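Student: give the three-dimensional model of this entry:
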Amino acid sequence: MSKNFLTAFLVGVGLVAIGVTVLLYSNRGARVGLTGGILKVRTAPLDENSSVAVLDFRAQNPGNAPFVVRTVTVLMEDPDGKQYEGATISESDARRLFEGLPLLGQKYNETLIMGNKIPHGATEDRMVAARFDAPETRLDARKRLILRIEDVDGPVTEFSEK
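Tutor: Okay, here's the model as predicted:
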């Protein structure tokens with residue numbers, strides 16, 4: 001190999017590496033989605049055949065655009081791996097739920113509901129409450145709870161209970 005060819009080859013590889021780095025750096029916040037996790041789960045019975053789960057969670061939006069909530073879903077996964085969807089509870093009903101069930105403790109955060117926005121670069125603590133058609137013993141014997149949040153543009157973020 002000639003010395004001129006080797007020099008030109010190394011300069012070309014260096015320019016391509018610089019180009020890829022600039023491209024990746026300029027698109028670093030272009031993804032839509034949330035990061036974070038479930039901080040605390042509280043359960044309480046509503047009657048013999050139904051119960052409620054309250055999930056307190058932290059969500060960060062690392063993207064350049066706000067995350068606008070389309071749907072919020074809570075799934076319970078039993079030890080066999082079957083998933084059951086809970087009926088999410090609105091903010092006004094959640095306030096009444098905490099007033100009527102002192103077993104749940106204090107309501108720390110606002111409920112994440114459809115239409116809420118999480119601004120770009122923001123970190124927010126929120127909560128979601130869901131009613132399940134299952135006794136509290138079955139809810140407490142779960143494998144995990146899954147919080148699924150869908151953006152209006154389509155991307156879905158899932159937080160799983162540890």
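
Student: and the longest strand belonging to the chain, what does it pack against?
Tutor: Scanning the chain for the longest strand, with DSSP state E as the assignment, gives strand 35-47. With contacts taken as 3 or more CB pairs under 8 Å, 6 or more residues apart in numbering; DSSP states H and E, strand 35-47 sits against strand 50-60, strand 123-132, helix 136-140, strand 144-151, strand 156-160. All C-beta atoms are positioned from the backbone trio N, CA, C, and that covers glycine.

Student: and stretch 87-95, how far out from the chain middle?
Tutor: Put simply, stretch 87-95 sits 18 Å off its chain's centre (CA atoms, centre = their mean, to the nearest Å).

Student: let's have the helices and strands packed on strand 35-47 in TSV, adding mean neighbour count, distance to residue 97 and mean pLDDT.
Tutor: Listed next are these as TSV, based on neighbours: other CB atoms under 10 Å; distance: least, CB to CB, whole Å; pLDDT from 0 to 100:
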stretch	mean neighbour count	distance to residue 97	mean pLDDT
strand 50-60	21	7	96
strand 123-132	20	6	96
helix 136-140	16	14	92
strand 144-151	20	17	96
strand 156-160	16	21	95
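
Student: distance to residue 19 added to these, as TSV?
Tutor: Converted to TSV, the helices and strands packed on strand 35-47 look like this (distance: least, CB to CB, whole Å):
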stretch	distance to residue 19
strand 50-60	30
strand 123-132	33
helix 136-140	53
strand 144-151	31
strand 156-160	31
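
Student: so for residue 105, which of those sits nearest?
Tutor: Of all the helices and strands packed on strand 35-47, strand 50-60 sits nearest to residue 105, with 8.7 Å by CB to CB.

Student: next, the angle strand 35-47 makes with that closest one.
Tutor: 160 degrees (axes from the mean of the first three to the mean of the last three CA atoms, to 10 degrees).
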